[in-house]
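A.B. asks: could you work out the structure for the sequence below:
(one chain, ligands or ions: 1)
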Amino acid sequence: MSESADVAIVGAGMIGLAIAFELAERGASVRVYDRGEPAGAASWAGAGMLAPYTETANDEALMALCAASLGEYPRFVERVRAAGGVDPRLHLDGIVHAAFGETQLARLQQRAAAIRQRGVECQMLDRTETLAAEPWLGAHVSGAMFVAAEGYIDNRRLGRALVAACRERGVAIARPSSLAVDCDARRVLGVRTDMGYAPTGAVVNAAGAWAAAVPGVPASSRPPVVPRKGQMLALETPVGFVRHATWVTNGYLVPRDDGRLLVGATDEQAGFDLRITAAGIAALLDAALTAAPSLAGFTVSETWAGLRPATSDGRPFIGPAPLDGLFVAAGHYRNGILLAPVTARLIAECVGGRIAGDLAAFSLARAAAEMETPLRGKNKAV
Ligand SMILES: Cc1cc2nc3c(=O)[nH]c(=O)nc-3n(C[C@H](O)[C@H](O)[C@H](O)COP(=O)(O)OP(=O)(O)OC[C@H]3O[C@@H](n4cnc5c(N)ncnc54)[C@H](O)[C@@H]3O)c2cc1C
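C.D. replies: Numbering: from 1, shown residues only. Okay, the predicted model is just below:
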């Protein structure tokens, strides 16, 4: 563990692994460090929805980034599958937004018009069409919006696929129990762990919800990222029972190929607490069963929680930090699975000294004025 690497990445979540894979495919020698299980934190806990148009309605820059990443997804998944042999099961066959009552329906009609204005295919379904598409929804459903380009991926499989693809491309994945970035006043020099010292020319901070506290990083280069807890649960349904990822009031349901139906998610300011709470599970079940009483008899097979890496404006930090050789790729909040391909490409371009687009909207500099401001907003579902 004392060999040097062109690039060291702190954090083996979806973001760190995607960057490692991209850099390795471009010929760099890469070492990824994680104190826990690779792809085991938020990237394991997420729902895997790929929904730029329905998740990021009020932020043009973020929506454009998310849409770019969605466009890159099929090729990214194909490259990862080809390298490591694991198919992460990408489904880009549309997302349903169910409406219950005339007010919700009218709101969705407005959103559909806005989405169509971007040239994105978006259909309104009446009640009969909605129930034909998703017969498990309650008879009180009023209609739905259907965004054909969106979808979901099995993020736990994608994590395994990325680990396999990285290993196949020669990326070293280390599990130190202590780690500190080594730097002088101007630039990064290496990474020191309990396993040894590794000199490196570039370090990428991809430490998710913990990115603000990576040891050794000077204060001016720390991204102000905070944890936002999300609780979820899974129901055992027959395979194909739910066909599309579906938004309902105060929640969403995302199917898996084996019949598991994910119900998500709370969004709580609870620090680094990962407990499953009665209130959290009650909120999820209430959202699911209010939308679809037909789900009531299925077994709850799993409950879990994860920490979204959140920022005060909801945008991630992607790009160089003030310290030479240090890059940041953290704070992807609710869209880190979706944003993995575009983040990997942008960071690979930055590390290679070539920034393709304007990254000002995602720069660390924008946060300098509000380093101490935590994400505002009270706890809520989804
Ligand atoms: C309930 C829930 C639902 C979600 N649903 C979706 C969704 O539908 N679609 C979507 O796109 N996104 C979703 N997200 C968001 C998405 O999961 C995250 O944005 C994404 O996983 C963040 O990836 P990451 O690699 O930055 O962080 P993580 O996956 O958390 O990985 C960070 C890694 O860094 C390691 N680390 C931290 N500090 C150190 C250190 N000092 N030394 C060594 N290692 C360190 C950690 O151990 C961890 O493995 C959801 C998240 C949650 C919690």
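A.B. asks: how close does residue 111 get to residue 144?
C.D. replies: 12 Å (C-beta to C-beta, to the nearest Å). C-beta coordinates here come from the backbone N, C-alpha and C atoms, glycine included.
A.B. asks: would you mind telling me which of the two has more residues around it?
C.D. replies: Neighbours per residue, other C-beta atoms under 10 Å: of residue 111 and residue 144, the larger number sits with residue 144, 29 against 18.
A.B. asks: can you pull the pLDDT of the residue in the stretch 1-150 of the chain that the ligand sits nearest to?
C.D. replies: Using C-beta to the nearest ligand atom, residue 13 is the residue of the stretch 1-150 of the chain that sits closest to the ligand, at 2.1 Å. Turning to residue 13, the model gives it a pLDDT of 98.
A.B. asks: name the residue closest to the centre of the protein, please.
C.D. replies: When C-alpha atoms, centre = their mean is applied to the chain, the residue found nearest the centroid is residue 336 (2.0 Å).
A.B. asks: show me the shaky parts of the protein.
C.D. replies: 1-3, 56-57, 356, 369-382 (pLDDT under 70).
A.B. asks: all the helices of it, in order from the start?
C.D. replies: Applying DSSP state H to the chain gives helices spanning 14-25, 42-45, 52-55, 60-84, 102-117, 127-133, 155-168, 278-291, 340-351.
A.B. asks: so which residues make contact with the last one?
C.D. replies: Residues outside helix 340-351 that contact it (C-beta atoms under 8 Å, 6 or more residues apart in numbering): 7, 14-15, 18-19, 21-23, 26, 28, 65, 68-69, 72-73, 76, 158, 202, 204, 316, 318-320, 327, 329, 332, 355-357, 359.
A.B. asks: contacting residues around residue 49?
C.D. replies: Per C-beta under 8 Å, 6+ apart, neighbours of residue 49: 55, 95, 150-152, 245, 252, 254, 337-338.
A.B. asks: quick check: residues of the stretch 251-382 of the chain near the ligand?
C.D. replies: With C-beta under 6 Å from any ligand atom as the criterion, the stretch 251-382 of the chain meets the ligand at residues 264-265, 306, 308-309, 330, 332-338.
A.B. asks: go with 8 Å
C.D. replies: Residues of the stretch 251-382 of the chain lying near the ligand by C-beta under 8 Å from any ligand atom: 252, 254, 264-266, 304-309, 329-340.
A.B. asks: among those residues, name the buried ones.
C.D. replies: Among those, those buried by neighbour count (16 or more other C-beta atoms under 10 Å) are 252, 254, 264-266, 305-309, 329-340.
A.B. asks: report the contact partners of the spatially closest residue to residue 5 that is not a sequence neighbour.
C.D. replies: For residue 5, ignoring the flanking residues on the chain, the nearest one in space by C-beta to C-beta, 6 or more residues apart in numbering is residue 31 at 4.0 Å. Residue 31 sits next to 3, 5, 7-9, 171-174, 191, 198, 200 when contact means C-beta under 8 Å, 6+ apart.
A.B. asks: check residue 233 too.
C.D. replies: Taking C-beta under 8 Å, 6+ apart, one finds 262-263, 281, 284-285, 300, 302-304 in contact with residue 233.
A.B. asks: bridge partners for it, pull those for me.
C.D. replies: residue 263, residue 303 (DSSP bridges).
A.B. asks: and it, how far is that from residue 179?
C.D. replies: 33 Å.
A.B. asks: repeat for residue 230
C.D. replies: Distance, residue 230 to residue 179, using C-beta to C-beta: 26 Å.
A.B. asks: can you list the residues of the stretch 101-250 of the chain near the ligand?
C.D. replies: Residues of the stretch 101-250 of the chain lying near the ligand (C-beta under 8 Å from any ligand atom): 152, 155, 176, 179, 206-211, 213-215, 228-232.
A.B. asks: mind listing what the residue in the stretch 251-382 of the chain that the ligand sits nearest to touches?
C.D. replies: Residue nearest to the ligand within the stretch 251-382 of the chain (C-beta to the nearest ligand atom): residue 336, separated by 2.1 Å. Taking C-beta under 8 Å, 6+ apart as the contact definition, residue 336 lies against 13-15, 42-43, 46, 208, 308-309, 316.
A.B. asks: count of residues packed around residue 365?
C.D. replies: Residues within reach of residue 365, counting by other C-beta under 10 Å, total 12.
A.B. asks: that one: what's it in contact with?
C.D. replies: Contacts of residue 365 (C-beta under 8 Å, 6+ apart): none.
A.B. asks: now the residue nearest to the centre of the chain. Its backbone dihedrals?
C.D. replies: Residue 336 has phi and psi values of phi -70, psi -30 when expressed as degrees, to the nearest 10.
A.B. asks: ok, it to residue 203 distance?
C.D. replies: From residue 336 to residue 203 the distance is 20 Å (C-beta to C-beta).
A.B. asks: which parts of this structure belong to which domain?
C.D. replies: 5-86+155-225+312-381, 93-150+227-308 (automatic domain parsing).
A.B. asks: highest average neighbour count across the ones you listed?
C.D. replies: Comparing these by mean neighbour count (mean count of other C-beta atoms under 10 Å), domain 5-86+155-225+312-381 ranks first with a mean of 20.
A.B. asks: can you tell me, leaving aside adjacent residues, what's nearest to residue 218?
C.D. replies: Using C-beta to C-beta, 6+ apart, the closest residue to residue 218 is residue 323 (6.1 Å).
A.B. asks: surely the one you found is in contact with residue 221?
C.D. replies: Yes - Residue 323 is in contact with residue 221 according to C-beta atoms under 8 Å; the separation is 4.5 Å.
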